[in-house]
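K.L.:
build me a model from this:
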Amino acid sequence: MVKMEGKIIALLVVSMLMLLGNQVGIADFMPPIKANKTDLIAGGGGDGIGFNAGDVLIWIEDETVHVQFKTEDDWTLLESHLHIDSSGAKGDGLDDFPTTKKGLPKIGLFEYQNLHDSLTTEYLYTETVEGLHDDALFYIAAHAVVTSAVNGIESAWGNGIRFTEKRSWAMYISYPEIEELIAELGEEVFFAREPSYFPLWGIAYGGVPPYNYSWDLDNDSEYTDAFGDFIFVDGTSLWIPDIYNSIGFRVTDSIGQVAYDTAKTYFMDQT
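P.N.:
The predicted structure is shown next:
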């Protein structure tokens, strides 16, 4: 009986040790915190254009930024080019990116570059950043040359924010992911009687502060009539009394993202 109890106790101890070991093993292989994953888009850019050739995975462990290229289906890597702009961590925008005067990235000047054999499907880059803090913001351009038997050789970018709106589909990724920039006017309709000065106001959120605010007050699609998030406007010099007039509000954040909102004004003639 004593021997049987000893065996039972021994089995319980072994089971507990195995359970603890499994728990440690699971913890060791948990994904790192603050991991971002975005598509690796080949052949033309995002918004439903081009091919999804894989993923770009970004994470931070200790004071090291990790960026991993990973292809899928029959896509493989021929080249990879990476630039990590840590100026965002200091609030300086895209200052560290090698770009042309028109804002296009100079891929040949990216900090990290590699050629790969035609069977490469994954590649990991790391960069150590001393004094990294929890709310640091990075801008990362991840470019690759990829190939597949079906689609041939294509240029590919980690899906994110375009460097320019029109000239190129080249993109950079924010880490952590930046929330959408929103512009919002304080009213749907701004009313005013005498005196004829309208107070107009709007707010912005998301994106990357600080923000610049501009107004289109004469409905000509030019946002040069006033600046600031709270302004006073002389309605008699701009709008026809007793009808609804359209105004526009534009917000630009520190990395060039733009958002708009519109509203109406109604100036009541007291004469």
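K.L.:
buried stuff in stretch 168-185?
P.N.:
For stretch 168-185, a neighbour-count test (16 or more other CB atoms under 10 Å) marks 168-175, 178, 181, 183, 185 as buried. C-beta coordinates here come from the backbone N, C-alpha and C atoms, glycine included.
K.L.:
distance from the chain centre to that stretch, please.
P.N.:
4 Å (CA atoms, centre = their mean, to the nearest Å).
K.L.:
and what of stretch 200-210?
P.N.:
On CA atoms, centre = their mean, the centre of stretch 200-210 falls 16 Å from the chain's centre.
K.L.:
would you mind writing the CA trace of that stretch as PDB?
P.N.:
In PDB, the C-alpha atoms belonging to stretch 200-210 read as follows (Å, rounded to 0.1, in the frame of the first residue of the first chain):
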ATOM      1  CA  LEU A 200     -15.900  78.100 -37.800                       C
ATOM      2  CA  TRP A 201     -14.100  75.300 -36.100                       C
ATOM      3  CA  GLY A 202     -12.900  71.700 -36.800                       C
ATOM      4  CA  ILE A 203     -10.900  68.900 -35.200                       C
ATOM      5  CA  ALA A 204      -8.600  66.200 -36.300                       C
ATOM      6  CA  TYR A 205      -7.600  62.800 -34.900                       C
ATOM      7  CA  GLY A 206      -5.600  59.800 -36.000                       C
ATOM      8  CA  GLY A 207      -2.700  60.100 -38.300                       C
ATOM      9  CA  VAL A 208       0.500  61.600 -36.900                       C
ATOM     10  CA  PRO A 209       0.300  65.000 -35.100                       C
ATOM     11  CA  PRO A 210       1.000  67.900 -35.400                       C
END
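K.L.:
for it, give the mean pLDDT please.
P.N.:
Over the span of stretch 200-210, the pLDDT mean works out to 87.
K.L.:
what of stretch 78-91?
P.N.:
pLDDT averaged over stretch 78-91 gives 76.
K.L.:
still on that earlier bit, now tabulate the buried residues of stretch 168-185 in JSON lines and tack on secondary structure.
P.N.:
JSON lines is the format used below for the buried residues of stretch 168-185 (DSSP: H, G, I helix; E, B strand; the rest coil):
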{"residue": "Ser168", "secondary structure": "coil"}
{"residue": "Trp169", "secondary structure": "coil"}
{"residue": "Ala170", "secondary structure": "coil"}
{"residue": "Met171", "secondary structure": "strand"}
{"residue": "Tyr172", "secondary structure": "strand"}
{"residue": "Ile173", "secondary structure": "strand"}
{"residue": "Ser174", "secondary structure": "strand"}
{"residue": "Tyr175", "secondary structure": "strand"}
{"residue": "Ile178", "secondary structure": "coil"}
{"residue": "Leu181", "secondary structure": "coil"}
{"residue": "Ala183", "secondary structure": "strand"}
{"residue": "Leu185", "secondary structure": "strand"}
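K.L.:
and which of those is nearest Gly256?
P.N.:
Nearest to Gly256, judged by CB to CB, of those is Leu181 at 10.0 Å.
K.L.:
my read: the closest one touches Val251, true?
P.N.:
Yes: between Leu181 and Val251 there is a contact under CB atoms under 8 Å: 6.6 Å.
K.L.:
what's the overlap in contacts for the two?
P.N.:
Residues touching both Leu181 and Val251 (CB atoms under 8 Å, 6 or more residues apart in numbering) are 204, 207, 258-259.
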